[in-house]
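J.: What shape does this take:
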Amino acid sequence: YFRLANDSLLSAEWTPVGTEADPFRGGLDGAGYKITGLKISSGSYLGLFGWVMSAKIRDLVLEDVTINGENYLGTLAGYAKNAVVSGITVRNADITLRPYTGYAGGLCGRVESGSFRDVQISGLDMKQTQVNMNGAGGGVGGLVGEASATTGSIFQNITTHGSILSYGSNAGGLTGRGGG
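T.: Below is the predicted model:
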């Protein structure tokens, strides 16, 4: 369990916490503090956390986030499974998904069950940079790129504001794709 004690300014390239082999399973209480300047320029499973499983994350502000990558991109987490997330504010996020077959969201790239409450996202600029020639794959959404339809998730009191540019068929203000 971690608790922020003050605001943090990140000045170097960020390495996400947690991988598929070793996901973040703890807790983070942001205590209302903000993390500014999160920047990641390549890869997959990108965000403050790369992969979270059964984690509890709350009361955190993410500001001036820039993420460029290939799959599972989000300001908070690239991939979230069985997560409990509440009280998250995202301000000014620029997310670029390079291949059209990946997933990106304003908060999480993919959600596989969990609870997401009281999330506010503003100043979101999300885009795919490659044209989808076959009409398949990928998804971009204001909150999540893909929300698994086979496992239940709760989304409550969610607000997203910004722009989403997608060359694929799976784009939305809340979720890009519900499935898998």
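
J.: Sketch out the low-pLDDT regions of the protein for me.
T.: 99-100, 130-137, 149-151, 168-169, 179-180 (pLDDT under 70).

J.: If we use 50, what do you get?
T.: For the chain, no stretch has pLDDT under 50.

J.: Which strands border the helix or strand containing residue 146, and is each parallel or antiparallel?
T.: Using DSSP states H and E, residue 146 sits within strand 144-148. According to DSSP bridges, strand 144-148 forms sheet pairs with strand 108-128 (parallel), strand 175-179 (parallel).

J.: If we go by neighbour counts, what in the shortest one is buried?
T.: Applying a neighbour-count criterion of 16 or more other CB atoms under 10 Å, the buried positions in strand 175-179 are 175-178. In this view, the C-beta of every residue, glycine as well, is placed from N, C-alpha and C.

J.: for the first one, same thing?
T.: For strand 108-128, the neighbour count (16+ other CB under 10 Å) marks 108-114, 116, 119, 121, 123-124, 126-128 as buried.

J.: which one of the residues you listed is nearest residue 162?
T.: The shortest approach to residue 162 among the buried residues of strand 108-128 belongs to residue 124, at 2.7 Å (CB to CB).

J.: residues contacting the closest residue to that closest one other than its chain neighbours?
T.: Nearest residue to residue 124, sequence neighbours excluded (CB to CB, 6 or more residues apart in numbering): residue 162, at 2.7 Å. By CB atoms under 8 Å, 6 or more residues apart in numbering, the residues touching residue 162 are 93, 106, 121-126, 142.

J.: Repeat that for residue 17.
T.: So residue 17 contacts 24, 48-50 (CB under 8 Å, 6+ apart).

J.: just residue 46 next, same as before
T.: So, once contact is read as CB under 8 Å, 6+ apart, residue 46 ends up touching 16, 40, 67, 69, 72-74, 78, 109.

J.: cutoff 6 Å now
T.: For residue 46, the contacting residues are 16, 40, 67, 69, 73, 78, by CB atoms under 6 Å, 6 or more residues apart in numbering.

J.: The strand or helix carrying the last one: how far from the chain's middle?
T.: Of the helices and strands defined by DSSP H and E, residue 78 is found in strand 77-97. With CA atoms, centre = their mean, to the nearest Å as the basis, the distance from the averaged C-alpha position of strand 77-97 to the chain average is 3 Å.
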